[in-house]
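**Student:** sequence unknown, structure follows:
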């Protein structure tokens, strides 16, 4: 695999991980808000 192809793959993977992280952060915040309202 040449460097350019490898770099594109890594950039794609990085973008997917960033999206996953953003979604998990939102879920985490929503759960915290939910728990705080329950207490």
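**Tutor:** Structure received. Note that this is a predicted model, so its numbers are computed, not measured.
**Student:** where does residue 19 fall, secondary structure wise?
**Tutor:** helix 3-38 (DSSP states H and E).
**Student:** helices and strands around that helix, which ones?
**Tutor:** Of the remaining helices and strands, none touches helix 3-38 by 3 or more CB pairs under 8 Å, 6 or more residues apart in numbering; DSSP states H and E. Yep, even glycine has a C-beta here, placed from its N, CA and C like the rest.
**Student:** now do that helix, average pLDDT.
**Tutor:** Helix 3-38 carries an average pLDDT of 97.
**Student:** tell me how far that helix lies from the chain's centre.
**Tutor:** 1 Å (CA atoms, centre = their mean, to the nearest Å).
**Student:** what count of nearby residues applies to residue 33?
**Tutor:** For residue 33, the neighbour count with other CB atoms under 10 Å is 10.
**Student:** quick one: contacts for it?
**Tutor:** Residue 33 makes contact with no residue under the criterion CB atoms under 8 Å, 6 or more residues apart in numbering.
**Student:** how far away is the most centrally placed residue in the chain from residue 28?
**Tutor:** Centroid-nearest residue in the chain: residue 21, 1.9 Å away (criterion: CA atoms, centre = their mean). Remark: distance between residue 21 and residue 28 (CB to CB, to the nearest Å) = 10 Å.
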